[in-house]
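>>> structure for the following, please:
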Amino acid sequence: MIFDNIANIKRYTFDEDIREILEYMAHAHSMPEEKIELSDNAFINPVSFISKERSAEKIFESHTVYADIHFILEGCEQITVALRQELCPAEKYDESKDIVFYSGNGGTIFTLYPGDFLTVIPVKRMRLQLRRMNAPR
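Coordinates of the predicted model:
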């Protein structure tokens, strides 16, 4: 897992596909709504949402095949990342979408602002916290 600002991507040695995605995002000023195919193994599945208040329900998601890269263009997002052993499966793995959902507590909260990215490899689990925060950085 790496949490940083896109301005610092040269500090890291990434897998070729992850580097391709991050370099694309480093120059993005807006994101189309449709999937963007960069190569056979690298694609961007844009997600846009309206922030929600924090809920008591703790649902985490994980991917088995693909790394999950979060990049913020505007607003902010809180993501809680937890270790597998801290969580319980809530649903069966959906191979067609490469996603499985978990429930549980714990983890570490990361707050991402414009230009920030968080890469999560499949062994970690993450919870999206859809909450817009107006606090200064």
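>>> isn't residue 67 up against residue 121?
Yes. Contact criterion Cβ atoms under 8 Å: residue 67 and residue 121 qualify, at 5.2 Å. To be clear about C-beta, it is placed using only N, CA and C from the backbone, and glycine gets the same treatment.
>>> those two - which one has more neighbours?
Higher neighbour count among residue 67 and residue 121: residue 67, with 17 against 14, using other Cβ atoms under 10 Å.
>>> for residue 99, which residues are in contact?
Residues near residue 99 by Cβ atoms under 8 Å, 6 or more residues apart in numbering: 61, 62, 63, 93.
>>> for it, list each beta-bridge partner.
Judged by DSSP bridges, the bridge partners of residue 99 are residue 94.
>>> distance of it from residue 23?
25 Å (Cβ to Cβ, to the nearest Å).
>>> same check on residue 108?
Counting by Cβ to Cβ - residue 108 and residue 23 are separated by 27 Å.
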